[in-house]
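K.L.:
Got a predicted structure here, sequence first:
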Amino acid sequence: MIHDAFMYWKRGHAIYGNMEEIIFPGYQYIEPKNIQDITQDTEMHDCVLMLDEMQVQFDSLNNSKQARQFSHFVQQMRKRRILVLMTTQVGRNIHLRIRQQRDIVARPMFYPEYPVVRVDYYNWTIVDDELTFEPSLKTIVYDPTPFFQFYNHEEEVKVKKK
């Protein structure tokens with residue numbers, strides 16, 4: 001996710017996210033508790049929204065008003081030219097309305113002995129089962145070590161009540 005966000009930042013996109021310890025120039029931190037308040041009324045456009053550990057924000061068992069409002073925002077984000085990059089350990093743990101809006105899934109694999117990361121990108125719009133994949137759309141391999149300077153990879157996302 002950091003690699004992809006960095007590439008968009010280099011092309012001039014604003015970067016927002018729920019990771020407090022990001023060091024991109026111009027990165028705008030949004031407290032995790034406030035992510036749920038992003039609705040269709042927001043002025044966000046032409047940007048990248050990075051959401052780490054998305055299942056913490058919008059658990060699949062949470063059917064709150066905030067989850068529904070955020071899902072409406074996600075459904076309209078293409079019209080605003082917003083790219084949402086999110087991470088999760090298990091996709092099915094993300095609220096269904098939000099999970100259904102994903103287009104591309106990236107599956108990274110770290111090879112510490114080299115050190116490189118291989119990322120396979122899949123078109124998720126044609127797949128609705130996490131066990132089934134079409135051939136990857138794209139595969140990239142890169143050295144992740146230069147990106148470690150931009151974030152704390154051990155930071156935990158915690159949603160505090162307002």
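P.N.:
Yep, that arrived. Bear in mind that the values here come from a model prediction, so they are computed numbers and not experimental data.

K.L.:
Low-confidence bits of the protein, can you list those?
P.N.:
Low-confidence segments of the chain, defined by pLDDT under 70: 39-41, 125-135, 160-162.

K.L.:
Relative to residue 80, how far out is residue 29?
P.N.:
Remark: distance between residue 29 and residue 80 (CB to CB, to the nearest Å) = 20 Å. Every C-beta, even on glycine, is put in place using the N, C-alpha and C of the backbone.

K.L.:
Helices along this protein, start to end?
P.N.:
2-10, 32-35, 54-57, 65-76, 96-99 (DSSP state H).

K.L.:
For those helices, state which one has the densest average packing.
P.N.:
helix 54-57 (a mean of 22; mean count of other CB atoms under 10 Å).

K.L.:
which helices and strands does it pack with?
P.N.:
helix 32-35 (3 or more CB pairs under 8 Å, 6 or more residues apart in numbering; DSSP states H and E).

K.L.:
State the distance from the residue nearest to the spatial centre of the chain to residue 146.
P.N.:
Taking CA atoms, centre = their mean as the criterion, residue 86 is the residue nearest the geometric centre of the chain, at 1.6 Å. In this structure, residue 86 lies at 23 Å from residue 146, with CB to CB as the measure.
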